[in-house]
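Q: generate a structure from the sequence data that follows.
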Amino acid sequence: MKTMKWLLRREYWENKGAFFWAPLTIALVMLAFVGITTGYALATHGLGDSVSVNGHHMSKVELLNAMPLTVRTSIAAVVANAWLAACAPLFGVLPVVVFFYCLAALYDDRRDRSILFWKSLPVSDQQTVLSKVLTAVCVAPMITIAIGTGVSLLMVFIALTAVSFNGLHLFGLVLGNPDFYLAPLRLVGLLPVYVLWAIPTVGWLLMVSAWARSKVFLWAVGVPVLVAVLAKWANFILTEYMGGGFDVNWFIHNVIARGLAGLVPGAWLPFGEVSPAALMNNAAHTVNAGSIFTQSWLTLLQPGVWVGVAIGSAMIFAAMRLRRWRDEG
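A: Presented below is the predicted three-dimensional model:
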């Protein structure tokens, strides 16, 4: 157990810039942008002194005083339900960081010959590769979740403070809504779903990283794209000249795209064939975080998920064997 802990620390220390400083920098830029724009709007009365409702001009004070409690509660419910959406850019960066981390994880050790040093230590190839898998699917997402939750809290605080200066006080209603506290717990609760859907992609990237002598990106992305093109071409020939064919779109969607997009958070929803209506709050016509959580876990009922986990695990095992026997000399 101590060996795995130190291996995970090694991966974090060697990739701290990508795993920690990159999302933190983006989060600080987002926070600064929201803070500056909100401050400018308040300082210049950018929110306006009056609004037009059905052709009648009303002051903000009159409008807010006439706003029923049910409307305020609905607004607060939307904020409490979706405040973590503010950190969406961080989860857009996460798959890019993990993708290139996996590609370099085993290749760089062979390229700079540091693999000779690591093989001299009493650490097995299985432990080394497994530590890289855990770093990709657990450590990196948890760091992003922590930073994203923190910056989202600050951003929603700035937004609620700004609207309170204009007479709309929502702090009590937002903080009194259970969804406000459940949001980060749901995010952490989706981590096992993310791990299972990401295993095929991580396995493929690590296997390529352990095998390729150069141009790992071209091997990892070019081969699947080439297979997709050849599948399209073969299906065209079979359809046009032999009177038959196969469902090439199913193959591209469920094999090629599924294998390359597994690192994208939420990618399991379209692959899991979840309809947009299942994710909506019919009463408020907004996205329901609770429905996203439930539907995400329900995607694990599909046999294809576990087939992907089995194939991904086989590729991870292949990466372990390749690391043991691959010789760059």
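Q: only C-alpha atoms for contact and neighbour calcs from this point on.
A: Fine.
Q: what count of nearby residues applies to the closest residue to R324 other than its chain neighbours?
A: Leaving aside its sequence neighbours, R324 sits nearest to D125 (Cα to Cα, 6 or more residues apart in numbering; 6.4 Å). D125 is flanked by 18 other residues according to other Cα atoms under 10 Å.
Q: tell me the secondary structure at L168.
A: coil (DSSP: H, G, I helix; E, B strand; the rest coil).
Q: could you report the neighbour count for it?
A: Here the count is done by other Cα under 10 Å, and L168 has 18 residues near it.
Q: just the pLDDT at A278, thanks.
A: Note on A278: pLDDT of 68.
Q: Y12 reaches F19, doesn't it?
A: Yes - with contacts counted by Cα atoms under 8 Å, Y12 reaches F19, the gap being 7.3 Å.
Q: of these two, who's got more company?
A: Each of Y12 and F19 has its neighbours counted (other Cα under 10 Å); F19 has more, 26 against 18.
Q: for the stretch 151-300 of the chain, what spans make up the strands?
A: 280-281, 286-287 (DSSP state E, counting those that start in this stretch).
Q: coming back round to it: show the contacting residues for the residue nearest to R324.
A: D125 is in contact with M320, R321, R323, R324, counting by Cα atoms under 8 Å, 6 or more residues apart in numbering.
Q: quick one: W6 and I143, what's the gap?
A: 17 Å (Cα to Cα, to the nearest Å).
Q: so between these two, which is more surrounded?
A: The neighbour comparison of W6 against I143 (other Cα under 10 Å) goes to I143, with 16 against 12.
Q: how close does the more buried one get to W250?
A: I143 is 35 Å from W250, where distance means Cα to Cα.
Q: now for S74, how many residues are close by?
A: S74: 15 neighbours (other Cα under 10 Å).
Q: and it, how far is that from L170?
A: 10 Å.
Q: then V163?
A: Distance from V163 to L170, by Cα to Cα: 8 Å.
Q: more neighbours, those two?
A: In this view V163 and L170 are compared by other Cα under 10 Å, and L170 has more residues nearby, 19 against 16.
Q: give me the pLDDT value at that one.
A: So, for L170, pLDDT stands at 85.
Q: could you pull up the contacting residues of it?
A: R72, A76, L160, S164.
Q: now pLDDT too, for those, in CSV please.
A: Shown next, in CSV, are the contacts of L170 (pLDDT from 0 to 100):
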residue, pLDDT
R72, 80
A76, 87
L160, 90
S164, 82
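Q: ok, now which ones touch T128?
A: L7.
Q: so it: helix, strand or coil?
A: Classified using three-state DSSP, T128 is helix.
Q: how much space between it and P122?
A: Taking Cα to Cα, one finds T128 at 11 Å from P122.
Q: can you name the residues that contact the residue most central in space within the chain?
A: Taking Cα atoms, centre = their mean, the centroid of the chain lies closest to P265, which sits 2.9 Å from it. Residues in contact with P265 (Cα under 8 Å, 6+ apart) are F91, G92, P95, Y194.
Q: now with 7 Å, please.
A: Counting by Cα atoms under 7 Å, 6 or more residues apart in numbering, P265 makes contact with F91, Y194.
Q: stretch 78-93: end-to-end distance?
A: Per Cα to Cα, stretch 78-93 runs 25 Å from first to last residue.
Q: OK, contacts around V151?
A: Contacts of V151 (Cα under 7 Å, 6+ apart): A27, L31.
Q: make residue 1 into 51 and carry on from there
A: Okay, using 51 as the starting number, the last item reads as V201.
Q: poorly predicted segments of the stretch 51-200 of the chain, please.
A: Within the stretch 51-200 of the chain, the ranges that satisfy pLDDT under 70 run 51, 95-117, 162-171.
Q: and the helices in it?
A: For the stretch 51-200 of the chain, applying DSSP state H, counting those that start in this stretch gives helices covering 52-64, 66, 72-93, 110-116, 119-132, 138-155, 157-161, 165-169, 175-184, 190-214.
Q: in CSV, list those helices along with distance to T289.
A: Output for the helices of the stretch 51-200 of the chain, formatted as CSV (distance: least, Cα to Cα, whole Å):
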stretch, distance to T289
helix 52-64, 49
helix 66, 51
helix 72-93, 48
helix 110-116, 64
helix 119-132, 47
helix 138-155, 36
helix 157-161, 41
helix 165-169, 50
helix 175-184, 41
helix 190-214, 44
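Q: among those helices, which comes closest to T344?
A: Across those, T344 has its closest neighbour in helix 119-132 (14.4 Å, Cα to Cα).
Q: the closest one: which residues count as buried?
A: In terms of neighbour count (16 or more other Cα atoms under 10 Å), helix 119-132 has its buried residues at R122, T123, I125, A126, A127, V128, V129, A130, N131, A132.
Q: check stretch 298-308 too.
A: Using 16+ other Cα under 10 Å as the burial criterion, the residues of stretch 298-308 that qualify are V298, I302, I306, A307, R308.
Q: need the residues that contact that stretch.
A: With Cα under 7 Å, 6+ apart, stretch 298-308 has contacts from P274, A278, A281, K282, N285.
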